[in-house]
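# Sequence and computational prediction follow.
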Amino acid sequence: GIPPYSQGIGHTPTHTDSSHVSSPDRSNKLLTCTMASENTTTQRRTTGSSDAAAPSSTNPPHTSTTGGSSNSSTIMLPFRILSKTPAIITILLRVLLWPLFKLVNLAFPPKEFDGINNSTGSDRAARAFVTMFQKQISLVRPVMPDPNNSEGGATNNQEHYVEPACPFSSRGYNLTLSDITSRPPNSRPLLLLYLHSPLHADGSKFLREYLCHSQLLQLLNSNNSDSHGSVVCFGASIHTADGQRMRDMLGVTSFPFMALLSVKSSGSSSGNGNNNNNGGSVPMELLLRMEGPQLVKIPPAQITTYLNTTITRQAEVLAAEEARRLQREEEQHLRREQDREFQETLLADQMREIAVQEAAEQERREQEEKEEEERLKKAKEESRLEDARAMLESAGEPPAGSKGVARMRFAFPNGKKVDRRFHTVDTIETVRSFLIVHFHEQGIEMKNFGLSTNFPRKTFNEEEGKLTLEEAGLAPQAVIMVQDLDS
């Protein structure tokens, strides 16, 4: 029973390694433990079996599971092949039909009116329709009254007849739609669309007796100016690309056909004449639709009335929308003005508050600077006084009658005089230190003072403080005038 167990170990995932296969006894025990843990339900049902029978009873299900997975893969293989079949057939058909497409293009080249993106063909088709319509206008000559006929009879006076202009656009559908969408929404004209079927029995009759009617031509021409017109007329034959596209877009099944459309937005139209406009992507609203054989059974004046009523109502709708737009703009402008005034008031209040804060801050800084200046000045005076006292204590006053003594008499601005003895080796700075201490003890406010002598006339400043009294010519005696430099 060793070979089946070793085979079972080889199918056990990640729980064994090469060391488990090297020993048959060890492999037998390991497989017994592994299979017992995976098939506890089977072991519960089996009673009275030996330890050696456990692996043999669990080995067949393990083998059957492996066979089931391989069988399922074999069954799914045909379905995978079938799923790729449409793509393979499509590629083969394209390769096989490519020469046929080339032959068809050579045998039947595109005509001048073919292709919805052919701007040249679209314009030619529009001009061809305008030429055909103009010929129909020329054939219809209304009876004009003769002004020389005193009896008031009506004769065909061709001299006073002015042929009406053709109201239909001579540009292709894409360019005509671009002209409409390029205008502002509040002044965007309506689109009058006429689809002509040359093979229809009533096509020529409707074109000649209805569209060429004088009242209808007058209505269309009066509302069909270049920049301020309220209606743009476009006509096309259903045998052209533009006509067929309009037929498919509107679902036209009977003729004659005429519709009045309102173009809502520009959509993908660029309005730059590149002919990239797609009529299906521009939203339109159908205002009036007239089609079928019943159309030639009503009077032409009634069709004119229908169109005039629809145009008038649409003009009223546009006027109401324009009034609402102007009202919204006025309200927005008023709201903006109120917001601007509020912001200006708020800004002025903020600026005043900032100015008050800055003034308070400036005053606080000036007060602090003043206090700091006074503190530094006081500290400087104290330091100056301490230095003067230290210098006097170190120099001392020599006794009277000793050698190397210089007698000084100080004359103050208030007339008082003070005598003091100094060593001849003392400096001018020692003399100034004596005066500093004397002013402090006597309560005299004299911070900045100068020293000078009359005979000879000489002034001693702070830069000459290192000179000794003997070097300055103040020994053995001298009279020094003390001046208050701040007075």
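Structure's in. What do you need?

# starting at the chain centroid, how far to stretch 476-487?
Its chain's average C-alpha position is 82 Å from that of stretch 476-487, according to C-alpha atoms, centre = their mean, to the nearest Å.

# Check stretch 173-189 too.
28 Å.

# Also stretch 285-300?
For stretch 285-300, the distance to the chain centre is 49 Å (C-alpha atoms, centre = their mean).

# Buried residues, it. List them.
Using 16 or more other C-beta atoms under 10 Å as the test for burial, stretch 285-300 gives 287-288, 290-291, 295-296, 300. For every residue, glycine as well, the C-beta is placed using N, CA and C.

# so where do the helices sit in the protein?
2-11, 18-22, 24-38, 40-45, 53-107, 119-139, 173-181, 203-206, 214-222, 241-250, 300-395, 428-442 (DSSP state H).

# Cys166: which of those is closest?
helix 119-139 (4.9 Å; C-beta to C-beta).

# packing partners for the closest one?
helix 173-181, strand 231-237, helix 241-250 (3 or more C-beta pairs under 8 Å, 6 or more residues apart in numbering; DSSP states H and E).

# Check the helices of the chain for me and report the most buried one.
Mean neighbour count (mean count of other C-beta atoms under 10 Å) peaks for helix 173-181 among these, with a mean of 22.

# which ones are touching the closest residue to Ser169 other than its chain neighbours?
Leaving aside its chain neighbours, Ser169 sits nearest to Thr176 (4.8 Å; criterion: C-beta to C-beta, 6 or more residues apart in numbering). Thr176 is in contact with 126, 169, 191, 232, 234, counting by C-beta atoms under 8 Å, 6 or more residues apart in numbering.

# Could you list the low-pLDDT ranges of the stretch 101-250 of the chain?
Low-confidence segments of the stretch 101-250 of the chain (pLDDT under 70): 110-119, 141-161, 225-227.

# So which of the buried residues of stretch 285-300 are in strands?
Judged by DSSP state E, the buried residues of stretch 285-300 include 287-288, 290-291 as members of strands.

# any chance of the helices and strands packed on helix 119-139 in a markdown table, with distance to Thr312 too?
Shown next, in a markdown table, are the helices and strands packed on helix 119-139 (distance: least, C-beta to C-beta, whole Å):
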| stretch | distance to Thr312 |
| --- | --- |
| helix 173-181 | 19 |
| strand 231-237 | 11 |
| helix 241-250 | 23 |
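
# coming back round to it: now, among the ones in strands among the buried residues of stretch 285-300, which is nearest to Pro109?
Glu291 (33.9 Å).

# gap between the nearest residue to that closest one once chain neighbours are set aside and Arg208?
Take Glu291 and drop its neighbours on the chain: the residue closest to it by C-beta to C-beta, 6+ apart is Phe257, 4.3 Å away. In this view, Phe257 and Arg208 are 16 Å apart by C-beta to C-beta, to the nearest Å.
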